[in-house]
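Student: Any chance you could fold what I've pasted below:
(one chain, ligands or ions: 1)
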Amino acid sequence: MVDVSLDSVTKEFGATTALDGVSIDIRDGEFFTLVGPSGCGKTTTLRAVAGFDDPTAGAVRFDGEDITGVPVDERDVGIVFQNYALFPHMTVGENIAYGLRFRDAPGGASRDERVEELLDLVDLTGFEDRDPSELSGGQQQRVALARALAPGPSLLLLDEPMSALDARLRETLRRHVKRIQRDLDITTIYVTHDQEEALSISDRLAVMNDGRVEQAGTPQEVYRTPATRFVAEFVGDNNVFDGTVTGREDGVATVDVDGETLRLADAGGVSVGDRVTFCVRPERLTRNANENRLDIAVDTAEFLGETTRVYGTWNDRQIVVRLDDVPETETLPLGFAPGDATQL
Ligand code: ATP
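Tutor: Next comes the predicted model:
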């Protein structure tokens, strides 16, 4: 197992700066996710760790050792890509054994023993003689995972391995991958553009935007205390407000937002006259809050089963809230406690 650090990694492709000073520390045995919109630099980061491309500047370190210039097959990494990339003319067993072409199986196991072991790990015992075309998409990705794990790598890199699967299969495979990662205690870097997936699967995650890391932390930290407006809006639903501070008293700042006064717990450092941006999660806007009253004009409601997501407007701002049921009125009187606003 290994810890991985990226130290001010920059990657330029001609005039395009794909990575702009990315620094990340990934701990031994951690499930770490890179999440962000298309083109933000996730795959480029993963490729720099794998050794497919060296950074233009900065360093990648494994256990503190600079591995710049070390070829991919000497980095002891297992990689699973978005497209299954199984060999169609090989059986499942042969595909997995292909992962052992450069290295022996760990623990002195024979090739066949190792294939058996891996089939068991990914719950595909008995499938070794099948062709990949006889498997579902989720099963094919489990074979790709088994192949990547065959030589017992110290580091597992997963680049959108579930993006070709439907929602239900993704959920199942996600639990599978997480369980295997826990069992093996293998340092894992996972790339996805799906923020919900990133929150649910990771020990920690880095939210990337435009070649930079906007915030790294546990799912709870990133969700509850987003560091920037981008993170607040990218991770989960959110309501972002901006306004001018008009007063401060007893740890509460009063803020003029579109001519209305809202009160938020003062995170410190704001003065009268400052422009501030803050966010309030949909589930924090409630009917029984008696402060910060917002009369929301309901636009649409999505019934999601255990909850309903309601979109509305307040002073021309888009608002999203979570309610127990579809609202029956056109206006919703909601509010939030000053402590439920997070300053950005
Ligand atoms: P996606 O989710 O769409 O896969 P990503 O976050 O993985 O996106 P990258 O593939 O890392 O993004 O790309 C980051 C930026 O670098 C993009 O602007 C992309 O066009 C550019 N880029 C990546 N690889 C190359 C390359 N080989 N040559 C030129 N530009 C590249």
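Student: Any idea how many residues pack against the closest residue to G69 other than its chain neighbours?
Tutor: Leaving aside its sequence neighbours, G69 sits nearest to D54 (CB to CB, 6 or more residues apart in numbering; 6.4 Å). Where C-beta positions appear, they are placed from N, C-alpha and C, glycine not excepted. Counted with other CB atoms under 10 Å, residues neighbouring D54 total 16.
Student: Can you list the helices and strands that the longest helix anywhere in the chain packs against?
Tutor: Scanning the chain for the longest helix, with DSSP state H as the assignment, gives helix 167-184. When contacts are defined as 3 or more CB pairs under 8 Å, 6 or more residues apart in numbering; DSSP states H and E, helix 167-184 sits against helix 137-149, helix 195-201.
Student: For the stretch 151-300 of the chain, what lies in contact range of the ligand?
Tutor: Applying CB under 6 Å from any ligand atom, one finds that the stretch 151-300 of the chain approaches the ligand through H193.
Student: OK, contacts around the residue of the stretch 151-300 of the chain at minimum distance from the ligand?
Tutor: For the stretch 151-300 of the chain, the residue positioned closest to the ligand under CB to the nearest ligand atom is H193, at a distance of 4.8 Å. Taking CB atoms under 8 Å, 6 or more residues apart in numbering, we find H193 in contact with 35-38, 42, 160, 163.
Student: Could you rerun that using 10 Å?
Tutor: H193 is in contact with 34-40, 42, 160, 163, 208, 234, counting by CB atoms under 10 Å, 6 or more residues apart in numbering.
Student: and those as JSON lines, adding secondary structure?
Tutor: What follows is these, written out as JSON lines (DSSP: H, G, I helix; E, B strand; the rest coil):
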{"residue": "L34", "secondary structure": "strand"}
{"residue": "V35", "secondary structure": "strand"}
{"residue": "G36", "secondary structure": "coil"}
{"residue": "P37", "secondary structure": "coil"}
{"residue": "S38", "secondary structure": "coil"}
{"residue": "G39", "secondary structure": "coil"}
{"residue": "C40", "secondary structure": "coil"}
{"residue": "K42", "secondary structure": "helix"}
{"residue": "E160", "secondary structure": "coil"}
{"residue": "S163", "secondary structure": "coil"}
{"residue": "M208", "secondary structure": "strand"}
{"residue": "F234", "secondary structure": "helix"}
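Student: Now restrict those to buried residues only.
Tutor: For the contacts of H193, a burial check counting by 16 or more other CB atoms under 10 Å picks out 34-36, 40, 42, 160, 208, 234.
Student: about what we covered before: quick one: the longest helix of the chain to helix 137-149, angle?
Tutor: 20 degrees (axes from the mean of the first three to the mean of the last three CA atoms, to 10 degrees).
Student: Paired strands for the next helix or strand after helix 167-184, with orientation please.
Tutor: Next in sequence after helix 167-184, counting helices and strands by DSSP states H and E, comes strand 187-192. Paired neighbours of strand 187-192 in the sheet (DSSP bridges): strand 31-35 (parallel), strand 155-159 (parallel).
Student: Distance from the helix or strand bottoming out on mean pLDDT in the chain to the middle of the chain?
Tutor: The weakest-scoring helix or strand in the chain, judged by mean pLDDT, DSSP states H and E, is helix 167-184 (a mean of 89). Its chain's C-alpha centre and that of helix 167-184 lie 14 Å apart, by CA atoms, centre = their mean, to the nearest Å.
Student: What lies in contact with that helix?
Tutor: In contact with helix 167-184 (CB under 10 Å, 6+ apart) are residues 1, 29-31, 80, 118, 121-123, 136-139, 141-142, 145-146, 149, 152-153, 156, 158, 161-165, 186-188, 190, 192, 194, 196-197, 200-203.
Student: The residue nearest to P161 when sequence neighbours are not counted - how many residues pack around it?
Tutor: In this structure, P161 finds its nearest non-sequential neighbour in V80, 4.7 Å apart by CB to CB, 6+ apart. Each residue near V80 was counted by other CB under 10 Å, and the total is 24.
Student: need the contact list for V80.
Tutor: So V80 contacts 141-149, 156-162, 177, 190 (CB under 10 Å, 6+ apart).
Student: coming back round to it: may I see the buried residues of the longest helix of the chain?
Tutor: Buried, per 16+ other CB under 10 Å, within helix 167-184: 169-170, 173-174, 176-178, 180-181, 184.
Student: Greatest separation within the residues you listed: which pair is it?
Tutor: L169 and L184 (22.0 Å; CB to CB).
Student: sorry, back to before: could I get the helices and strands packed on helix 167-184 in CSV, plus columns for mean pLDDT?
Tutor: Shown next, in CSV, are those (pLDDT from 0 to 100):
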stretch, mean pLDDT
helix 137-149, 92
helix 195-201, 95
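Student: Would you tell me which one of the ones you listed is buried the most?
Tutor: Stretch with highest mean neighbour count among these: helix 137-149 (a mean of 23; mean count of other CB atoms under 10 Å).
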